[in-house]
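A.B. asks: Need coordinates for the following:
(2 chains)
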Number of protein chains: 2
Amino acid sequence: MRFTSQTSSDGVSEQFFTLGGIPGVLWTPTDAAGTRPLILMGHGGGQHKKAPGIEFRARRFVTECDFAVVAVDVPGHGDRPKDAEYDRIATENAARVAAGEELAPLIAGFQAMVARRTVPEWRAVLDAVQELDHVGAGPVGYWGVSLGCGLGVPFVAAEPRVRAAVLGLGGASVPDPESGSGSESGSESAAGRVTVPVEFLVQWDDERVPRAESLALFDALASAEKTLHANPGKHGEIPAFEGDSTLRFFTRHLS
Amino acid sequence: MRFTSQTSSDGVSEQFFTLGGIPGVLWTPTDAAGTRPLILMGHGGGQHKKAPGIEFRARRFVTECDFAVVAVDVPGHGDRPKDAEYDRIATENAARVAAGEELAPLIAGFQAMVARRTVPEWRAVLDAVQELDHVGAGPVGYWGVSLGCGLGVPFVAAEPRVRAAVLGLGGASVPDPESGSGSESGSESAAGRVTVPVEFLVQWDDERVPRAESLALFDALASAEKTLHANPGKHGEIPAFEGDSTLRFFTRHLS
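C.D. replies: Modelled structure (predicted):
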């Protein structure tokens, strides 16, 4: 793990790093010392580790909860090189949708492929970040919606350090890297291995994820404590009060 | 309005009253003076104004939010006389269910009949309670699940003083007293007249209300701000953390 730059503002220290070629950012309270809860955040499709929706929430976790937060670029996103295979598949999928195929299973198949890389990458990020004195081996939370949900479900299923997760804007056709497909049976087994408390966000008028798919993913989670929050509005329109709820959820389970 | 008794404990004053033959209870902060938000609570089927689930929440509204809370017995419940017609219908419905009829529409039809009495009763209760110096004409909230949802939807739709409502454990076949039926078209029009912010509770494994019915009722509410909270468990198993959410919801909209 190599730190490339560091700045501080408004009580938050922001450290950029690379780890095995993966660019990442770590946010911690300024002058933090000692072990604290850590949130790993997964960004959305077409976004990156410093997307506004990531950074805004990360700074709240740091300033209001005293947590550490880490985010890295997903392959093909942010500061990572373009990926020729991803580009080819995206072009191919666009053509298949234009020809009348359903979007959701295509997205699921794509996310399954990406998750086979991100699950081990994110586990390595946890290993490295928890070695740092000002982070330590405290409880871990995961936050991710949309692509961050599709990649997050298999990550949370695979990683026992994660104690609680906020997920959402994703459907039941989430990838199961272990089965190597985005099929429903695969998705159910990935979601069925999630047992930690989950707060699951649904946008009632989501134009990208069919409502029934969202409800089926919530249904498939094996967690004894899981709570679904559905609000009117489109994919990108999560209401601000859900941010407050997220903070309370992680505080309840990680503090 | 005639007060029949008063006690105080743990910072909460509890006043029993009758209003036009309706027995009720008013909880306020001890030594309260001046106008404050008021929550009207509707109890569940077979319960009464002082049922544990009502009183526990009422005391939290008073001690943690400084609100006033009022609850009255629904016809045929608590300290009100048995109602021969209700008893006859209940017996009849039990026989129809035993003969294979669906329960939900029968419940809806029954609630429609009760709501034609409770909507005007509860409006009269608001009139009377808001005349009191230690309550006053502040913003009003409504809380009610199960029967309290079936009666609450038409009440909230009819009563402009209500600014926010917590509802749930109820289905789309809620009564519309204006149409005089519990039919789906009637229910949609009652829910479709609810425009205030709503927090809507669904028990994911509700053995009394089909999941699709719950989701359809949430869908039918015309409120621009409505948020559905679904949790695993049966009809009576709302998790404790939803109580905290309810307090924050009313605080946000009534304070």
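
A.B. asks: Check the gap between the residue nearest to A:Arg2 when sequence neighbours are not counted and A:His253 for me.
C.D. replies: In this structure, A:Arg2 finds its nearest non-sequential neighbour in A:Thr18, 5.4 Å apart by C-beta to C-beta, 6 or more residues apart in numbering or on different chains. (Glycine included, C-beta is placed from N, CA and C.) Using C-beta to C-beta, to the nearest Å, A:Thr18 is found at 30 Å from A:His253.

A.B. asks: Of those two, give the one with the bigger neighbour count.
C.D. replies: Each of A:Thr18 and A:His253 has its neighbours counted (other C-beta atoms under 10 Å in any protein chain shown); A:His253 has more, 18 against 14.

A.B. asks: and the gap between that one and A:Pro37?
C.D. replies: 9 Å.

A.B. asks: what sits in contact with each of those two?
C.D. replies: A:Pro139, A:Gly141 (C-beta atoms under 8 Å, 6 or more residues apart in numbering or on different chains).

A.B. asks: Quick check: phi and psi at the residue nearest to A:Arg2.
C.D. replies: A:Thr18 adopts backbone torsions of phi -130, psi 150, taken as degrees, to the nearest 10.

A.B. asks: ok, now which ones touch it?
C.D. replies: Counting by C-beta under 8 Å, 6+ apart, A:Thr18 has contacts A:Met1, A:Arg2, A:Thr4, A:Gly24.

A.B. asks: Looking at these, spot the one nearest chain B.
C.D. replies: A:Gly24 (32.4 Å; C-beta to the nearest C-beta).

A.B. asks: where does whichever residue of the stretch 51-200 of chain A sits closest to chain B land on pLDDT?
C.D. replies: Here the residue of the stretch 51-200 of chain A nearest chain B is A:Phe200; by C-beta to the nearest C-beta that distance is 8.6 Å. Reported pLDDT at A:Phe200 in the predicted model: 98.

A.B. asks: Is it part of a helix or strand, or is it coil?
C.D. replies: strand (DSSP: H, G, I helix; E, B strand; the rest coil).

A.B. asks: what sits opposite it in the beta ladder?
C.D. replies: A:Phe200 forms beta bridges with A:Leu167, A:Leu228, as assigned by DSSP bridges.

A.B. asks: That one touches A:Phe218, doesn't it?
C.D. replies: Yes - A:Phe200 is within contact range of A:Phe218, at 4.9 Å (criterion: C-beta atoms under 8 Å).

A.B. asks: Now the common contact residues for those two.
C.D. replies: Both A:Phe200 and A:Phe218 are contacted by A:Lys226, A:Leu228, under the criterion C-beta under 8 Å, 6+ apart.

A.B. asks: Tell me where chain A is predicted with low confidence.
C.D. replies: In the predicted model of chain A, residues A:174-188 satisfy pLDDT under 70.

A.B. asks: How about the residues of it by chain B?
C.D. replies: With C-beta under 8 Å from any C-beta of the partner chain as the criterion, chain A meets chain B at residues A:202, A:204, A:215, A:218-219, A:224-232, A:239, A:241, A:244-245, A:248, A:252.

A.B. asks: same thing but at 6 Å, please
C.D. replies: Counting by C-beta under 6 Å from any C-beta of the partner chain, chain A comes close to chain B at A:Thr227, A:Leu228, A:His229, A:Ala230, A:Asn231.

A.B. asks: TSV please, covering these and showing distance to A:Arg123.
C.D. replies: Below are the residues of chain A next to chain B laid out as TSV (distance: C-beta to C-beta, whole Å):
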residue	distance to A:Arg123
A:Thr227	26
A:Leu228	27
A:His229	28
A:Ala230	31
A:Asn231	32
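
A.B. asks: who wins for most neighbours among those?
C.D. replies: That'd be A:Ala230 among the residues of chain A next to chain B, by other C-beta under 10 Å, with 26 neighbours.

A.B. asks: roughly how far out does the helix or strand harbouring it sit from the chain middle?
C.D. replies: Applying DSSP states H and E as the criterion places A:Ala230 in strand A:226-231. Offset of strand A:226-231 from its chain centre (C-alpha atoms, centre = their mean, to the nearest Å): 17 Å.

A.B. asks: Likewise for stretch A:86-102?
C.D. replies: On C-alpha atoms, centre = their mean, the centre of stretch A:86-102 falls 24 Å from the chain's centre.

A.B. asks: what do you get for stretch A:97-113?
C.D. replies: 20 Å.

A.B. asks: got it, and stretch A:143-160?
C.D. replies: On C-alpha atoms, centre = their mean, the centre of stretch A:143-160 falls 5 Å from that of its chain.

A.B. asks: next one: stretch A:61-69
C.D. replies: 17 Å.

A.B. asks: tally of neighbours for A:Gly100?
C.D. replies: For A:Gly100, using other C-beta under 10 Å, the count is 6.

A.B. asks: Alpha carbons of stretch A:116-125, as CSV, please.
C.D. replies: Provided in CSV are the C-alpha atoms of stretch A:116-125 (Å, rounded to 0.1, in the frame of the first residue of the first chain):
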residue,chain,number,x,y,z
ARG,A,116,-15.0,-11.9,-9.6
ARG,A,117,-12.4,-9.2,-9.5
THR,A,118,-13.7,-6.8,-6.9
VAL,A,119,-14.4,-9.3,-4.2
PRO,A,120,-10.7,-10.3,-3.8
GLU,A,121,-9.6,-6.7,-4.4
TRP,A,122,-11.8,-5.3,-1.7
ARG,A,123,-10.7,-8.0,0.8
ALA,A,124,-7.1,-7.0,0.1
VAL,A,125,-8.0,-3.4,0.7
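
A.B. asks: OK, contacts around the closest residue to A:Leu19 other than its chain neighbours?
C.D. replies: With sequence-adjacent residues excluded and distances taken as C-beta to C-beta, 6+ apart, A:Leu19 is closest to A:Met1, at 4.8 Å. Each residue near A:Met1 by C-beta atoms under 6 Å, 6 or more residues apart in numbering or on different chains is listed here: A:Phe17, A:Leu19, A:Ala128.

A.B. asks: List the ones among these that fall in strands.
C.D. replies: A:Phe17, A:Leu19 (DSSP state E).

A.B. asks: Three-state assignment for A:Ser173, please.
C.D. replies: A:Ser173 - assigned by three-state DSSP - is coil.

A.B. asks: Touching, it and A:Ala104? I think so.
C.D. replies: Yes - assessed by C-beta atoms under 6 Å, A:Ser173 is found in contact with A:Ala104 at 5.4 Å.
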